[in-house]
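**Student:** Using only what follows, build the 3D model:
(2 chains)
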2 protein chains.
Amino acid sequence: MVQSLNRRSNDGRGAAARRRRRADARRLGILRAAARVFRDRGFAAAGMRDIATAADLSPGNLYHYFRGKDELLFFCQDRALDRLLVALSVARTGRQPLDARLRALARAHVLCLLDGVEGSAAHLEVHALAPRLRARIIAKRDRYERGVRAIVAAGIRRGELRSTDPTVATRAFLGALNWTAHWFRPEGPETPDRVADLIADYAVAGLARLYA
Amino acid sequence: MVQSLNRRSNDGRGAAARRRRRADARRLGILRAAARVFRDRGFAAAGMRDIATAADLSPGNLYHYFRGKDELLFFCQDRALDRLLVALSVARTGRQPLDARLRALARAHVLCLLDGVEGSAAHLEVHALAPRLRARIIAKRDRYERGVRAIVAAGIRRGELRSTDPTVATRAFLGALNWTAHWFRPEGPETPDRVADLIADYAVAGLARLYA
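**Tutor:** Below you'll find the model as predicted:
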């Protein structure tokens, strides 16, 4: 500590940045381990002790980074929704035809769910969060879902998509995507990339006009 | 009690049947209440006490019918899967065109999920069951999913459905259906019947050949 205080301020900033990077990397490792444990055991059955073991940390050390399962889950879900909102904004402002933009959005959504950090069943466990954190996640998720619905509704209005109820169709579209988190296993035969392609094909075909 | 013992045996049988019918009706009422509580609070957060309150029973009386949340959940899921297996067998043996049979199966699947008893998020909480009960539900669910996949795979082989990976496509199809349990609210604007129609349209369109 004394040594670090005696360094030039430039080195001091460098050391702080290194510490921050180390802490961030450690946090990411924990999230990855937690996502694995949630996926294997379900969120309710997973304990902080299991997560510590999976992350190769002592329970005390784990609590230094995250105060509980709740905070871990919030962090995963919040990151996931940030990623989805970026994909939504690309889909909204892109210049490709609607089906290509929806397909790219669907792909990004599935890849986010299958990601070792943000993804996994954790994404689905909104009930498990304490009310205050839950409200923040639900507000963000609603913002995302409203954005997707607006794209679908505009497509239906313009006759680019099959004529149907835009709210229910959007939920079916998101359901085909979200369900992937329930069954995908990283050790299975398919890569996330291939699954994202196939699921996106299906999800967009469900919205498409049947006779082109 | 003495009075009942003094009745003719015919009356005795009638009384036993009446008791059984009353117990069955009570059990059904409990399942309906439990499904409501699971949907509102999530399975993990729901307590037997909440379920007792919703079913208008004392906790002790509730335990007389079901030994715990686990048994309640198993009962719901087992009934739901029996219903799905009946719908599968109809889809397999029917003489209508493939898309009509798949559509009827999708409709039956969604209606089962939205049913006040078998349905609700409870259907999705396989993780929450104790290992022995879980194994029985998973075996039954796998039997159903294998059956749906066999229908889809045959349709792809014969060129009646879009050429794609039958396993992933079946999971996307089931995902669009299953997700309904996550968002549907009985007090919402749509009836289960209309939602089942719209979701079935979407789910079958996702499998259909794009250019007919």
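
**Student:** Could you use CA atoms for every contact and neighbour count after this?
**Tutor:** Noted.

**Student:** any idea which element A:T170 lies in?
**Tutor:** Using DSSP states H and E, A:T170 sits within helix A:166-178.

**Student:** The very next helix or strand once past that helix near chain B at all?
**Tutor:** Helices and strands here follow DSSP H and E; after helix A:166-178, the next one along the chain is helix A:180-183. Yes. Helix A:180-183 lies within reach of chain B by CA under 8 Å from any CA of the partner chain, at A:T180.

**Student:** how far is whichever helix in chain A runs longest from where the chain is centred?
**Tutor:** If you go by DSSP state H, chain A has its longest helix at helix A:9-41. Centroid displacement of helix A:9-41 relative to its chain, using CA atoms, centre = their mean, to the nearest Å, is 18 Å.

**Student:** Averaged pLDDT, the helix or strand just after it. What do you get?
**Tutor:** Once helix A:9-41 ends, the next helix or strand along the chain (criterion: DSSP H and E) is helix A:48-54. For helix A:48-54, mean pLDDT is 94.

**Student:** Identify each buried residue in helix A:48-54, please.
**Tutor:** Using 16 or more other CA atoms under 10 Å in any protein chain shown as the test for burial, helix A:48-54 gives A:48, A:50-54.

**Student:** Would you format those as JSON lines with distance to A:R41 included?
**Tutor:** Listed next are the buried residues of helix A:48-54 as JSON lines, based on distance: CA to CA, whole Å:
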{"residue": "A:M48", "distance to A:R41": "12"}
{"residue": "A:D50", "distance to A:R41": "10"}
{"residue": "A:I51", "distance to A:R41": "11"}
{"residue": "A:A52", "distance to A:R41": "14"}
{"residue": "A:T53", "distance to A:R41": "14"}
{"residue": "A:A54", "distance to A:R41": "12"}
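
**Student:** what about the closest residue to chain B within chain A, neighbour count?
**Tutor:** Here chain A gets closest to chain B at one residue, A:G206, 3.9 Å apart by CA to the nearest CA. Using other CA atoms under 10 Å in any protein chain shown, A:G206 has 29 neighbouring residues.

**Student:** OK, contacts around the residue lying closest to it once chain neighbours are set aside?
**Tutor:** Distances taken as CA to CA, 6 or more residues apart in numbering or on different chains put B:G206 closest to A:G206, at 3.9 Å, once the chain neighbours are dropped. B:G206 sits next to A:201-207, B:173 when contact means CA atoms under 8 Å, 6 or more residues apart in numbering or on different chains.

**Student:** For those, work out which two are farthest apart.
**Tutor:** A:L207 and B:F173 (13.0 Å; CA to CA).

**Student:** So these two - more neighbours on which side?
**Tutor:** The neighbour comparison of A:L207 against B:F173 (other CA under 10 Å) goes to B:F173, with 31 against 28.

**Student:** How much space separates that one from chain A?
**Tutor:** In this view, B:F173 and chain A are 7 Å apart by CA to the nearest CA, to the nearest Å.

**Student:** looking at it, that residue is touching B:A200, isn't it?
**Tutor:** No. Under the criterion of CA atoms under 8 Å, B:F173 makes no contact with B:A200, lying 9.2 Å away.

**Student:** Which neighbours do those two have in common?
**Tutor:** Common neighbours of B:F173 and B:A200 (CA under 8 Å, 6+ apart) do not exist.

**Student:** Get me the contact residues on chain A for chain B.
**Tutor:** Residues of chain A lying near chain B (CA under 8 Å from any CA): A:41-42, A:44-45, A:127-128, A:164-165, A:168-169, A:171-180, A:195, A:198-199, A:201-208, A:210-212.

**Student:** and the residue most central in space within chain A, which of the three is it?
**Tutor:** Centroid check for chain A by CA atoms, centre = their mean gives A:A80 as the closest residue, at 2.6 Å. Assigned by DSSP: H, G, I helix; E, B strand; the rest coil, the conformation of A:A80 is helix.

**Student:** from memory A:R141 sits against A:L81, does it?
**Tutor:** Yes. Under the criterion of CA under 8 Å, A:R141 makes contact with A:L81 at 6.6 Å.

**Student:** for chain A, what helix or strand is lowest in average pLDDT?
**Tutor:** Here the helix or strand of chain A ranked lowest by mean pLDDT, DSSP states H and E is helix A:2-6, holding a mean of 41.

**Student:** quick one: contacts of stretch A:144-151?
**Tutor:** Contacts for stretch A:144-151 (CA under 8 Å, 6+ apart): A:81, A:84-85, A:88, A:92, A:166-167, A:170.

**Student:** which two from those end up farthest apart in space?
**Tutor:** Using CA to CA, the two most remote members of the contacts of stretch A:144-151 are A:L81 and A:P166, lying 21.6 Å apart.

**Student:** Return the list of helices and strands in contact with the helix holding A:T170.
**Tutor:** Judged by 3 or more CA pairs under 8 Å, 6 or more residues apart in numbering or on different chains; DSSP states H and E, helix A:166-178 is in contact with helix A:98-114, helix A:131-157, helix A:192-205, helix B:166-178, helix B:180-183, helix B:192-205.
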